[in-house]
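>>> Next one to model:
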Amino acid sequence: MKQAIMFGAGSIGRGFIGALLEKAGWHVTFADVVESIIQEINTRRHYTVHILDRECGEMEIENISAINSGTDEVIPAIAECDLIATAVGPLVAPVIARPIAAGIQARMRDGNHSPLNIVCCENGLRTTTRLKGFVFEHLSTEEQAFAEEYAGFADCAVDRICPKSNFENPLDAAVERYAEWDVESALWKGEKPQIEGLTFVDHLPAYLERKLFTLNSGHAICAYLGYLKGYKTILESIQDPAVGGIVHAAMRESGEGLIREFSFDAGAHHAYIEKIFARLSNPYLADEVERVGREPLRKLDPADRLIKPLATADSYGLPVDHLIFGAAAALRFDCPHDKQSVEMLQKIQSDGPAAALAAYTGLTPENPLSGRILDVYRALAVV
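Below you'll find the model as predicted:
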């Protein structure tokens, strides 16, 4: 039986990637640091994925176990498994790199030449490639050569909304029916498994940017605008015509940039935008705006969901009037429970919004986009 280690036993790990692997006949070992979740998995050995959508359903997940990823017990598991997937957030990648490196070292000592594939199922671009860099920092030149030959670090694009849930079984997860897991074919080692919901693709950047520019961008803009207006959920926010109108128009603007960047079929991409926008209105997925908006500094990075779509569309001379709202509203995300929000607002207070915008986005005051974002930022003070 194929063995998978799922770093991260949260809603994405249990409700999305771990569930797809288990339904394809794999044994899934969840690796997490939350002891209560580890104990629940090892005691119950079962949970249900609740599909909450216009067509509801359930998936029973049983072939599972759990280990503590913060201890050395994860290393022998890595030494023998076939696949490592992660859903821990990109900021945790340097932490899990050490045990993954130790597992690769153990495989080399044991003479285990069977393929090991590692896939980071995170929101972001080339997160597996970045993890590979962190892993290789712990390996010698000889160990790096072994990893290059026998370990595949395959980037992927993932897309499924897995909102916070509250079921009698604390392991149960809620998901939408839509699911997309696209893995870069060329970086996979060995035979490609048949897993329903997983697609191997040849040109991953197009899939990565399509999701980043559409779902991730629209989701974030909706969250930041909804938060400013006092809404608690994405559903409440998107149902406000003022918020929903900006989000839909921003998706269209970013889409025009994508169509030019990747020569997408315009009609097909416009249909994709409508499908994504409809997903945000799913009445069963009352995703919290605070959760979606957290870590605003990561989302304001030049390569992430707010600035890259804006800069790409602008580079083609296209309208960006609504995409501007994303960065402007993110700068006003005042969430005392989020460390990045606190840091951002402190910098704005000490250095001013223009300096903060330049520091986090790379848009200097000389860039016309900076002035346009700051104009909207000031206007949002009265929302």
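>>> average pLDDT across the helix ranked longest in the chain?
Criterion DSSP state H: the longest helix present in the chain is helix 241-262. Per-region confidence: helix 241-262 scores 97 on mean pLDDT.
>>> Alpha carbons of that helix, as PDB, please.
In PDB, the C-alpha atoms belonging to helix 241-262 read as follows (Å, rounded to 0.1, in the frame of the first residue of the first chain):
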ATOM      1  CA  PRO A 241     -23.400  45.000  -4.000                       C
ATOM      2  CA  ALA A 242     -20.600  47.600  -3.300                       C
ATOM      3  CA  VAL A 243     -18.100  44.900  -2.200                       C
ATOM      4  CA  GLY A 244     -19.300  42.200  -4.700                       C
ATOM      5  CA  GLY A 245     -19.200  44.700  -7.600                       C
ATOM      6  CA  ILE A 246     -15.600  45.600  -6.900                       C
ATOM      7  CA  VAL A 247     -14.500  42.000  -6.400                       C
ATOM      8  CA  HIS A 248     -16.100  40.900  -9.700                       C
ATOM      9  CA  ALA A 249     -14.700  43.800 -11.600                       C
ATOM     10  CA  ALA A 250     -11.200  43.200 -10.100                       C
ATOM     11  CA  MET A 251     -11.400  39.600 -11.300                       C
ATOM     12  CA  ARG A 252     -12.200  40.800 -14.800                       C
ATOM     13  CA  GLU A 253      -9.300  43.200 -14.700                       C
ATOM     14  CA  SER A 254      -6.800  40.600 -13.600                       C
ATOM     15  CA  GLY A 255      -8.300  38.200 -16.100                       C
ATOM     16  CA  GLU A 256      -7.500  40.500 -19.000                       C
ATOM     17  CA  GLY A 257      -3.900  40.600 -17.900                       C
ATOM     18  CA  LEU A 258      -3.800  36.800 -17.700                       C
ATOM     19  CA  ILE A 259      -5.300  36.400 -21.100                       C
ATOM     20  CA  ARG A 260      -2.500  38.500 -22.600                       C
ATOM     21  CA  GLU A 261       0.200  36.900 -20.400                       C
ATOM     22  CA  PHE A 262      -0.600  33.300 -21.200                       C
END
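>>> Could you list every helix and strand in contact with that helix?
helix 204-211, helix 217-228, helix 234-239, helix 266-280, helix 307-315, helix 324-330 (3 or more CB pairs under 8 Å, 6 or more residues apart in numbering; DSSP states H and E). Where C-beta positions appear, they are placed from N, C-alpha and C, glycine not excepted.
>>> got the contact list for the fourth one?
Outside of helix 266-280, the residues within contact range by CB atoms under 8 Å, 6 or more residues apart in numbering are 161, 176, 178, 210, 214-215, 218-219, 222, 234-235, 238, 247-248, 251-252, 255, 258-259, 285.
>>> Any of those buried? List them.
161, 176, 178, 210, 214-215, 218-219, 222, 234-235, 238, 247-248, 251-252, 255, 258-259, 285 (16 or more other CB atoms under 10 Å).
>>> so where's this structure shaky on pLDDT?
Along the chain, the model assigns pLDDT under 70 to residues 382-383.
>>> Can you classify the closest residue to Ala303 other than its chain neighbours by secondary structure?
Nearest residue to Ala303, sequence neighbours excluded (CB to CB, 6 or more residues apart in numbering): Leu125, at 5.8 Å. Secondary structure assignment for Leu125 (DSSP: H, G, I helix; E, B strand; the rest coil): coil.
>>> Phe264 reaches Glu256, doesn't it?
No: under the criterion of CB atoms under 8 Å, Phe264 makes no contact with Glu256, lying 9.9 Å away.
>>> how far off helix 307-315 does the longest helix of the chain point, in degrees?
70 degrees (axes from the mean of the first three to the mean of the last three CA atoms, to 10 degrees).
>>> C-terminal to the helix or strand hosting Glu142, what's the next element?
Per DSSP states H and E: Glu142 is located in helix 141-150. The helix or strand immediately downstream of helix 141-150 is strand 151-153, counting by DSSP H and E.
>>> Sheet-wise, list the partners of that next one with their directions.
Partner strands for strand 151-153, per DSSP bridges, with pairing direction: strand 116-120 (parallel).
>>> continuing past the partner strand, what's the next helix or strand?
helix 127-136.
>>> Buried residues, that next one. List them.
Under 16+ other CB under 10 Å, the buried positions of helix 127-136 are 127-128, 130-132, 134-136.
>>> Tell me, how many residues neighbour Asp182?
Asp182 has 21 neighbours, counted by other CB atoms under 10 Å.
>>> show me what contacts it?
Contacts of Asp182 (CB under 8 Å, 6+ apart): 156-158, 198-201, 204, 207.
>>> If any of the residues you listed are buried, give me the ChimeraX selection for them.
Of the contacts of Asp182, the buried ones can be selected in ChimeraX as follows, counting by 16+ other CB under 10 Å:
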select :156,157,158,198,200,201,204,207
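>>> Quick check: the farthest pair among the contacts of Asp182?
For these, the farthest-apart pair by CB to CB is Val158 and Phe200; their separation is 13.9 Å.
>>> Excluding chain neighbours, what is closest to Trp181?
With CB to CB, 6+ apart, the residue lying closest to Trp181 is Leu198, at 4.8 Å.
>>> Against Ala330, how distant is the one you found?
32 Å (CB to CB, to the nearest Å).
>>> Next: Leu380.
On the measure of CB to CB, Leu380 and Ala330 end up 10 Å apart.
>>> Which one of those two is surrounded by more residues?
Legend: neighbour count by other CB under 10 Å for Leu380 and Ala330, higher for Ala330 (29 against 16).
>>> show me what contacts that one?
Contacts of Ala330 by CB under 8 Å, 6+ apart are 220, 224, 293, 296, 299-300, 306.
>>> redo that, cut-off 10 Å
Ala330 sits next to 220-221, 223-225, 227, 293, 296-297, 299-300, 305-307, 341, 344, 357, 360-361, 373, 377 when contact means CB atoms under 10 Å, 6 or more residues apart in numbering.
>>> And for Lys229?
Contacts of Lys229 by CB under 10 Å, 6+ apart are 236-237, 240, 242-243, 289, 329, 383.
>>> With that, I have no additional questions.
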